[in-house]
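# Okay, sequence plus prediction incoming.
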Amino acid sequence: MAEAYIITGFRSAVGKAPKGMFRFTRPDDLAVSVIQHLVESVPNLDKEWIDDVIVGNATPEAEQGLNMGRMISLMGLNTDKVPGMTVNRYCASGLETIAIAAAKIKAGLADCIIAGGAECMSPIPFGGWRIVPNYETSKVHPDYYWGMGLTAEAVANDYKVSREDQDFFSFNSHQKAIKAIQGGIFKDQIVPYSITETYLDAAEKKANKNEHCRY
């Protein structure tokens, strides 16, 4: 059985939803910038050696619909020789694409795959535009439709995780992230992305604001 290796990896900067710096930026455009940077970082790689582009997404509709993985492959690699697909396993979607890629390579079905996730929660309501549960199932098993909030409450209750413990862990996690950002730990992992925001100023005149997103 062949072995699978992660050769290189990058991500975009991260913004807040729904009012953050990427609120007017399409998720496929963000993913394309990352893929183009990734391919450039491996100079001896022929794009047509790539067997597949697998993209995880938890709400594959609207700007993220129409098999976004295939569109990201077409836009990012500028060739129609590499297929693409979208995988939805909710919060584990991106990790699942890496697992699928590794399994395909180990099974001899592929030699080189780009895998990861792309998501933007600003243009799409939480849960999607039109939620239609199965009526009979939701009556008998309403927990089948639980989101992460109710799931977290159940986990905390089952494993006796107090609110104080969660706050302590969260605070320290943010402190580590701030320290890492200030120390430039993530600098080489994040693909910079420039955005231009068009708006009306105080005099109701059209104006532009440029931002360079690094973290």
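Cool, got the structure.
# use CA for all of it now, contacts and neighbours both
OK.
# Mind listing what's buried along the lowest-mean-pLDDT helix or strand in the chain?
Taking mean pLDDT, DSSP states H and E as the measure, the helix or strand of the chain with the lowest value is strand 206-213, at a mean of 82. Across strand 206-213, burial judged by 16 or more other Cα atoms under 10 Å covers Cys213.
# again with stretch 187-196
Neighbour-count burial for stretch 187-196 flags Ile190, Val191, Pro192, Tyr193 (criterion: 16+ other Cα under 10 Å).
# what sits against Glu96?
Contacts for Glu96 (Cα atoms under 8 Å, 6 or more residues apart in numbering) come out as Gly56, Val87, Arg89.
# List buried members of the residues you listed by neighbour count.
Those of the contacts of Glu96 that meet the buried threshold are Gly56, Val87, by 16+ other Cα under 10 Å.
# would TSV of the contacts of Glu96 with distance to Ile35 be doable?
Formatted as TSV, the contacts of Glu96 follow (distance: Cα to Cα, whole Å):
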residue	distance to Ile35
Gly56	14
Val87	17
Arg89	21
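# now, which of the contacts of Glu96 sits nearest Ser12?
Using Cα to Cα, Gly56 is the member of these that sits closest to Ser12, with 14.7 Å.
# And the closest one, how close does it get to Ala62?
15 Å (Cα to Cα, to the nearest Å).
# can you check Ser41 too?
Where Ala62 is concerned, Ser41 sits at a distance of 31 Å (Cα to Cα).
# can I assume Ile105 sits in a strand?
No - counting by DSSP: H, G, I helix; E, B strand; the rest coil, Ile105 is not part of a strand but helix.
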